[in-house]
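structure of the sequence below:
(one chain, ligands or ions: 1)
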Amino acid sequence: MLSSKSSKCSHGEVEFLGEQSGDKGVNRYYKCRKCGAVLVLSEDGVLYEVTAESVGKLQRESQ
Ligand SMILES: [Zn+2]
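Numbers count the residues shown, from 1 in each chain. You can find the predicted model right below:
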C-alpha cells in the first residue's frame with residue numbers, strides 16, 4: 001500500500017545544530033537531513049517543526 005503522504009517526513013535522520021537560551025529555557029535545534037526542516041525541542045519536551053523557508057526568518061529575528 002503506497003502512502004500518499006510524500007510531503008510528510010518522519011525526520012528519521014537529524015543533525016544537531018546547537019542550542020539557544022530563550023525566555024522559557026533552552027531550545028535545542030536539529031536539522032533533518034532528509035527534508036531540511038529544522039526541529040526545535042523546547043525544555044518542556046515539546047517538539048516544534050520549522051520549515052526550511054522560515055528558518056532564515058527565524059535567524060533574522062534572533063539577531
Ligand atoms: Zn524530515
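
can you tell me which residues contact Cys9?
Cys32, Lys34, Cys35, Ala37 (Cβ atoms under 8 Å, 6 or more residues apart in numbering). To be clear about C-beta, it is placed using only N, CA and C from the backbone, and glycine gets the same treatment.

ok, now Gly25?
Neighbouring residues of Gly25 by Cβ under 8 Å, 6+ apart: Ser42, Glu43, Asp44.

need the pLDDT of it.
Listed pLDDT for Gly25 reads 90.

over to Glu19?
On the pLDDT scale, Glu19 gets 94.

just checking, it touches Ser42?
No: Glu19 is not in contact with Ser42 according to Cβ atoms under 8 Å; the separation is 10.7 Å.

which neighbours do the two share?
In contact with both Glu19 and Ser42: Asn27, using Cβ under 8 Å, 6+ apart.

re the thing from before, can you flag the buried ones in the contacts of Cys9?
Cys32, Ala37 (16 or more other Cβ atoms under 10 Å).

what two of the contacts of Cys9 are the furthest from one another?
Lys34 and Ala37 (8.6 Å; Cβ to Cβ).

identify the contacts common to these two.
Joint contacts of Lys34 and Ala37 (Cβ under 8 Å, 6+ apart) are Cys9, His11.

pLDDT at the closest residue to Leu47 other than its chain neighbours, what is it?
Closest residue in space to Leu47, ignoring its immediate chain neighbours: Leu41 at 5.3 Å, by Cβ to Cβ, 6 or more residues apart in numbering. Listed pLDDT for Leu41 reads 93.

the ion contacts on this protein?
Counting by Cβ under 5 Å from the ion, the residues of the chain close to the ion are Cys9, His11, Cys32, Lys34, Cys35, Ala37.

how many other residues sit next to the closest residue to Glu13 other than its chain neighbours?
Distances taken as Cβ to Cβ, 6+ apart place Arg33 nearest to Glu13, at 4.3 Å, with adjacent residues excluded. For Arg33, the neighbour count with other Cβ atoms under 10 Å is 11.
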